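Student: Would you be able to build a 3D model of this:
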Amino acid sequence: MAKKRVYEVAKEIGIPAKELLVRLKEAGIEAKSNFSTLDDDQVAQVSKLFANGGVATAAPEATAKPEVSEAVAEVETQPETVAEEKAEPEVETPEPTPEPVQAEAKPVAEDTTDDEEAELERLMAEEAASQQEVLAEVEQEVAVQTATMPRKKSTGTELRPPVVTILGHVDHGKTTLLDHIRQTRVVDGEAGGITQGIGAYQAVYKDQVITFIDTPGHAAFTNMRARGAQATDIVILVVAADDGVMAQTEEAINHAKAAGVPIIVAVNKIDKAPDRLDRVKQDLVQQELTPEDWGGDTITVPLSALNGQGVDDLLEMILLTAELQEYKADPKGPVEAVVIESHLDSQRGPITSILVRDGTLHNRDVVVVGNTHGRIKSLTDGHGKPLQSAGPSVPVQVLGLDAVPPAGAKLEVVDQLNVAKNQAADRREEERQVRLAPQRKTMTDLMSEMLIKGKLRLVLKADSAGALEVMESELKKIELEDISIDILHTGVGPVGESDVMLAASGEDAQAAVIGFRTTVDKTAASRAQQAGITLRTYNIIYELVQEVERALRRMVEPEFQEVKLAEIEVRDVFKIPRVGTVAGCFVRDGIVVRNSKIRVLRDGVEIHQGSMRNLKRFEEDAKQVEKGKECGILLEGFNDLQTGDLLENFKVEKVEI
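Tutor: Okay, here's the model as predicted:
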């Protein structure tokens, strides 16, 4: 008999896996979750346990059995007592539970001695307490196990198919695995045997649908892999047994973690290198993905995509994870969809791959997709079959847009074509304005966003492994109450576009990209500017650490600085009844700004500091007065002005990095 998982044994017995976990705990068998494995002896012990009615054979319980059975038999011979207690549940099994035990305590007392009654009540109370204690421990362990797996928000009413993305290093067998699952050949038609674009397909296993997104693994398409991770529910991380965890594998892990989705590891090419499985698991532990059989919670499935060995086990794990996560949607609700990939066909025009996440998309719908729009002319599935509609988790190709939308753009359905046209035009104008006046976030702005969750997210790049290690070590030494540093990804080499995309992938808040003694690609700099991502490079380590620490501290205790606006000379003074003293002034330097701060200096000594009540230019109110011009100034709460006084106009602002 081979090793079996808890959920498999539960299915064979015909009980929920959670209940089996309780029974295993009672029997002294260690099992942390539904995915835990049981060896031959443990499976045999479980079979024997349920052959006896699912009751552990502890000595105290054996003593309690005959007394409970005889008591019940005696109660059944007394019609009056049974009539009086007919509302109470009958004890049908020799294993007592807390509530029935309390209910049957009264009739038992009628036919037993005081000593027997006390002994029976003591044993039953001990059993009830033991049951409750075991149940509480198991429920707590299950809750902790489930909490380690990120859960999507279930806002819908119906279960939907899980969306699975296959990630990993180049030539580790991602496309071969997907090809085996959907039973079609695409590898031969791809340039160089490498997937050239994002495709989405559906497969059926045990009458259940699974949606797959195939993202390229080549380094040139790292940004496409990031898009795939953002659109998925579950990530399948493919690792070749003969290679282990490689550079792009680490990137894929970081993208999946940033997306907050469960990760299932598929150790491929196990037929080629069956003795390398433990080495792969060691690599995974270093990436904080500890396999279940090593005491962690990462599902690891050895398989061969070439001959199909273990592929069914992988599909089983996908369905089980989806069952635990309970992905839901509302087919009748508003449409939510995202662009997987798009391109321009010379004959058919813009072709867009769409993944419907919620609602139902229909043929002839009027849509706005990013900064493009149109009426859907055609919906087709991954095999080119025409569709009239597409529900949640269904990938489709769409024809009818006026331009090629960017990957990751959201699709919205509107009522009229002119409304869609106007919305798309407005978005294009907004994007143009952003390009003309890009706003780069300061480090303090970024940390203001982080403060909500008490975490600063960083992507770190350096010119060497040693420099990267020092950089990461020094940053982790920064300790502030309620604020921590979360390093999403580290790498050696120039800051690239994929680093910026990873930083921008956060749903709640973006991350900052920091380079140490390295360069920045032009495309990365441009993308960071467009997306408003903070991107900084440093050549001295203490400057890097000092700036990050100073910005963090300012989030706790903000620093302010005074900015001088203008220097003003009082040339005359006018006392106006019911108004106050108005100073006739000349602006010697800078620009006087209305409603700002004023400092009054007399003979070089400050005699007053307050606010400006009014500013006039001749008879008209003025917002500001420039250098070399005359103006009238009325101060708030101060009338002791004299000719020859010097006024300093200033403002106070928070220090930004």
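Student: now the stretch 551-657 of the chain, which segments are flagged as low pLDDT?
Tutor: Counting by pLDDT under 70, the stretch 551-657 of the chain contains low-confidence ranges at 553-559, 655-657.
Student: Need phi/psi at the closest residue to Phe50 other than its chain neighbours.
Tutor: Nearest residue to Phe50, sequence neighbours excluded (CB to CB, 6 or more residues apart in numbering): Ile13, at 5.6 Å. Any C-beta I mention is one placed from the backbone N, CA and C, and that applies to glycine too. Backbone geometry at Ile13, expressed as degrees, to the nearest 10, gives phi -80, psi -30.
Student: now the one 5 residues further on
Tutor: As for Lys18, its main-chain torsions (degrees, to the nearest 10) stand at phi -60, psi -40.
Student: now it: how far from Ser33?
Tutor: 10 Å (CB to CB, to the nearest Å).
Student: Give me the more crowded residue out of the two.
Tutor: Ser33 (20 against 15; other CB atoms under 10 Å).
Student: how about the more buried one, secondary structure?
Tutor: Three-state assignment for Ser33 (DSSP: H, G, I helix; E, B strand; the rest coil): coil.
Student: ok, it to Pro262 distance?
Tutor: Ser33 sits at a distance of 13 Å from Pro262 (criterion: CB to CB).
Student: circling back: could you measure from the residue nearest to Phe50 over to Pro386?
Tutor: Distance from Ile13 to Pro386, counting by CB to CB: 46 Å.
Student: and if you look at Asn254?
Tutor: 39 Å.
Student: of those two, who's got more company?
Tutor: Set side by side, Asn254 and Pro386 give different neighbour counts by other CB under 10 Å, the larger being at Asn254 (22 against 9).
Student: tell me the phi and psi of that one?
Tutor: Dihedral angles (degrees, to the nearest 10) for Asn254: phi -70, psi -40.
Student: Let me know the secondary structure of the nearest residue to Gly244 once chain neighbours are set aside.
Tutor: In space, and not counting its chain neighbours, Gly244 is closest to Asp283: 4.8 Å by CB to CB, 6+ apart. Following three-state DSSP, the label given to Asp283 is helix.
Student: wait, isn't Asp283 in contact with Asp243?
Tutor: No. Using CB atoms under 8 Å, Asp283 makes no contact with Asp243, being 9.7 Å away.
Student: Which residue ranges of the stretch 451-600 of the chain form strands?
Tutor: Using DSSP state E, counting those that start in this stretch, the strands of the stretch 451-600 of the chain run over 455-462, 484-492, 512-516, 535-538, 560-576, 580-590, 592-593, 597-602.
Student: looking at it, the residue nearest to Phe50 is touching Leu20, isn't it?
Tutor: Yes. Checked against CB under 8 Å, the pair Ile13 and Leu20 is within contact range at 6.8 Å.
Student: which one of these two has more residues nearby?
Tutor: Under the criterion of other CB under 10 Å, the comparison of Ile13 against Leu20 puts Leu20 first, with 25 against 17.
Student: now whichever strand or helix holds that one: mean pLDDT?
Tutor: Take DSSP states H and E as the rule and Leu20 turns out to sit in helix 17-26. For helix 17-26, mean pLDDT is 78.
Student: Now the element after that helix, going C-ward?
Tutor: Downstream of helix 17-26, the first helix or strand assigned by DSSP H and E is strand 37-38.
Student: mind listing what that next one pairs with, with the direction of each?
Tutor: strand 4-5 (antiparallel) (DSSP bridges).
Student: Show me what the partner strand is in contact with.
Tutor: Here strand 4-5 makes contact (CB atoms under 8 Å, 6 or more residues apart in numbering) with Asn34, Phe35, Ser36, Thr37, Leu38, Val43.
Student: contacting residues around Ile607?
Tutor: Taking CB under 8 Å, 6+ apart, one finds Val600, Leu601, Asp640 in contact with Ile607.
Student: Name the member of these that has the highest neighbour count.
Tutor: Val600 (21 neighbours).
Student: just checking, Phe650 touches Phe560?
Tutor: No. At 11.8 Å, Phe650 does not count as touching Phe560 under the criterion of CB under 8 Å.
Student: Which of these two has more residues huddled nearby?
Tutor: Using other CB under 10 Å, the more surrounded residue of Phe650 and Phe560 is Phe650, with 17 against 10.
Student: so how far is Lys257 from the nearest residue to Cys585 once chain neighbours are set aside?
Tutor: Distances taken as CB to CB, 6+ apart put Ile568 closest to Cys585, at 4.8 Å, once the chain neighbours are dropped. The gap separating Ile568 from Lys257 is 57 Å, by CB to CB.
Student: was I right about Leu303 contacting Ile264?
Tutor: No. Leu303 lies out of contact with Ile264 (CB under 8 Å); the separation is 11.1 Å.
Student: Between these two, which contacts overlap?
Tutor: What both Leu303 and Ile264 touch, as defined by CB under 8 Å, 6+ apart, is the set Leu314.
Student: Between these two, which has more neighbouring residues?
Tutor: Using other CB under 10 Å, the more surrounded residue of Leu303 and Ile264 is Leu303, with 24 against 18.
Student: All the helices of the stretch 151-300 of the chain, residue numbers only.
Tutor: Using DSSP state H, counting those that start in this stretch, the helices of the stretch 151-300 of the chain run over residues 174-182, 222-230, 247-259, 277-286.
Student: what residues are shared contacts of Ile13 and Leu20?
Tutor: Joint contacts of Ile13 and Leu20 (CB under 8 Å, 6+ apart) are Val46.
Student: Spatially central residue in this structure, please.
Tutor: Centroid check for the chain by CA atoms, centre = their mean gives Gly260 as the closest residue, at 3.2 Å.
Student: Report the strands that pair with the helix or strand encompassing Asn614, each with its relative direction.
Tutor: Using DSSP H and E, Asn614 sits within strand 605-617. Note on strand 605-617: by DSSP bridges, its sheet partners are strand 597-602 (antiparallel), strand 620-621 (antiparallel), strand 630-635 (antiparallel).
Student: For it, buried residues please.
Tutor: Residues of strand 605-617 classed as buried by neighbour count (16 or more other CB atoms under 10 Å): His608, Met612, Arg613, Asn614, Leu615, Lys616, Arg617.
Student: Taking the residues you listed together, which two end up most distant?
Tutor: His608 and Arg617 (23.3 Å; CB to CB).
Student: separation between the nearest residue to His172 once chain neighbours are set aside and Leu178?
Tutor: The shortest distance from His172 to any non-neighbouring residue, by CB to CB, 6+ apart, is to Ala240 (4.2 Å). In this view, Ala240 and Leu178 are 15 Å apart by CB to CB.
Student: for Ser389, which residues make a bridge with it?
Tutor: Bridge pairing for Ser389 - DSSP bridges - gives His362.
Student: So it is in contact with Leu379, correct?
Tutor: Yes. Ser389 is within contact range of Leu379, at 7.3 Å (criterion: CB under 8 Å).
Student: which of these two has more neighbours?
Tutor: More neighbours surround Leu379 than the other of Ser389 and Leu379, with 23 against 14 (other CB under 10 Å).
Student: my read: that one touches Lys385, true?
Tutor: No. With contacts counted by CB under 8 Å, Leu379 stays clear of Lys385, the gap being 9.6 Å.
Student: by contact count, what packs against the helix holding Leu20?
Tutor: Packing contacts for helix 17-26, counted by 3 or more CB pairs under 8 Å, 6 or more residues apart in numbering; DSSP states H and E, involve helix 6-13, helix 40-51, helix 114-147.
Student: returning to what we had before: format the contacts of strand 4-5 as TSV; extra columns: neighbour count, distance to Val170 and pLDDT.
Tutor: Output for the contacts of strand 4-5, formatted as TSV (neighbours: other CB atoms under 10 Å; distance: CB to CB, whole Å; pLDDT from 0 to 100):
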residue	neighbour count	distance to Val170	pLDDT
Asn34	21	34	69
Phe35	22	29	70
Ser36	20	34	74
Thr37	16	32	75
Leu38	22	38	80
Val43	19	41	82
